[in-house]
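[1] Quick check, what structure comes out for this input:
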Amino acid sequence: MKLNCDLGESYGMWQLGQDELVMPHIDMANIACGFHAGDPHIINKTLALAKQHNTMVGAHPSYPDTLGFGRRSMKCSQAEIIDLMLYQIAALDGMAQSQGLTLSYVKPHGALYNDMMADSQVFTAILHAMQQYYRPLKLMILAGSNAQKYQNTAQEFGVELLLEAFADRRYTESGSLTPRSQSGAVLDKVATLAQVKTLISSGQVVTDTGKAINLDADTICVHGDNVEAVNLVKEIKDLCQEAICQETICR
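    Numbers count the residues shown, from 1 in each chain. Next comes the predicted model:
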């Protein structure tokens, strides 16, 4: 199970996250493209850090909302979504190539990610952008009980999906994330590690009602916002390594 993390989200003199500490422990870096955070210097610096640790690189585009950190939904037309996606992907792709790196996938950020999962028109617009790009890139979306519906639509556009689970978020029975406004939506350390263990061992998570549901995920999203979060990422990485070792022994 690969770990992915949103990185490169500083801006100018404003610093966010512990990129240098978390990068050695993840497999996939979702790098901000400048619309919600990140600037040319931060992007280049984050790419260099990914290259140093041999971490896979992905674009992390958003609505053009630096002030709101991309967490506010915007009434963009499909044409506007296609263009803002292409603009951000191309920028990160070009800067990655300048360092000898290959951009592998795209993971929308914040409100754009949420809208993609809730609004078929937004999802379709994003797929159009991915289809129009000059080479194939994978699109990361939320793993859930209705993932097959998204898979079927993506196949029509020739886009391959990556399904992600969240280490520290409680799930509903429908496979969606419990809204942050609800109590218990964000798991503590003990619950997070327990959820990751269950996900790795059985491909399931326990929902807010106590029911276990299947969650077919390719990757787990982790966070490196502070030193405590980085330490948690290390423990999650250890769980993934243990699972690999046990699988190898069993074979």
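
[2] Would you double-check that Cys5 falls in a strand?
    Yes. Judged by DSSP: H, G, I helix; E, B strand; the rest coil, Cys5 forms part of a strand.

[3] Next up, the contacts around it.
    Contacts here follow C-beta atoms under 8 Å, 6 or more residues apart in numbering; on that basis Cys5 touches Val22, Ile26, Met28, Ala29, Asn30, Cys221, Val222, His223, Gly224, Val233. Every residue, glycine included, has its C-beta placed from N, CA and C.

[4] Need the nearest residue in space to it, chain neighbours excluded.
    The shortest distance from Cys5 to any residue other than its chain neighbours is 4.7 Å, reached at Ile26 (C-beta to C-beta, 6 or more residues apart in numbering).

[5] Can you give me the neighbour number for Ala91?
    18 (other C-beta atoms under 10 Å).

[6] buried stuff in the helix-or-strand element of the chain with minimal mean pLDDT?
    In the chain, no helix or strand scores lower on mean pLDDT, DSSP states H and E than helix 227-250, which sits at a mean of 81. Neighbour counts using 16 or more other C-beta atoms under 10 Å place Ala229, Val230, Leu232, Val233, Ile236, Lys237, Leu239, Cys240 of helix 227-250 among the buried residues.

[7] ok, now stretch 179-189?
    Neighbour-count burial for stretch 179-189 flags Ala185, Leu187 (criterion: 16+ other C-beta under 10 Å).

[8] just how off-centre is that stretch within its chain?
    Stretch 179-189 sits 18 Å away from the centroid of its parent chain (C-alpha atoms, centre = their mean, to the nearest Å).

[9] hang on, Gln131 packs against Phe157?
    Yes. Between Gln131 and Phe157 there is a contact at 4.5 Å, judged by C-beta atoms under 8 Å.

[10] shared neighbours of the two, which are they?
    Common contacts of Gln131 and Phe157 (C-beta under 8 Å, 6+ apart): none found.

[11] residues in contact with the residue nearest the centre of the chain?
    Among the residues of the chain, the one closest to the centroid is Lys107, at 5.2 Å (C-alpha atoms, centre = their mean). Shown in contact with Lys107 (C-beta under 8 Å, 6+ apart): Asn4, Asp6, Asn30, Gly58, Ala59, His60, Tyr113, Leu139, Met140, Leu162, Glu164.

[12] Would you format those as CSV with secondary structure, pLDDT and neighbour count included?
    Below are the contacts of Lys107 laid out as CSV (DSSP: H, G, I helix; E, B strand; the rest coil; pLDDT from 0 to 100; neighbours: other C-beta atoms under 10 Å):
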residue, secondary structure, pLDDT, neighbour count
Asn4, strand, 97, 24
Asp6, strand, 97, 24
Asn30, strand, 98, 26
Gly58, strand, 98, 27
Ala59, strand, 98, 25
His60, strand, 98, 31
Tyr113, helix, 96, 22
Leu139, strand, 98, 23
Met140, strand, 98, 23
Leu162, strand, 98, 20
Glu164, strand, 96, 22
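
[13] about what we covered before: what number of residues lie near the residue nearest to Cys5?
    Neighbours of Ile26 using other C-beta under 10 Å come to 25.

[14] Which pLDDT value belongs to it?
    On the pLDDT scale, Ile26 is placed at 97.

[15] try Gly184
    Listed pLDDT for Gly184 reads 87.

[16] doesn't Thr207 make contact with it?
    No. Contact criterion C-beta under 8 Å: Gly184 and Thr207 do not qualify, at 11.0 Å.
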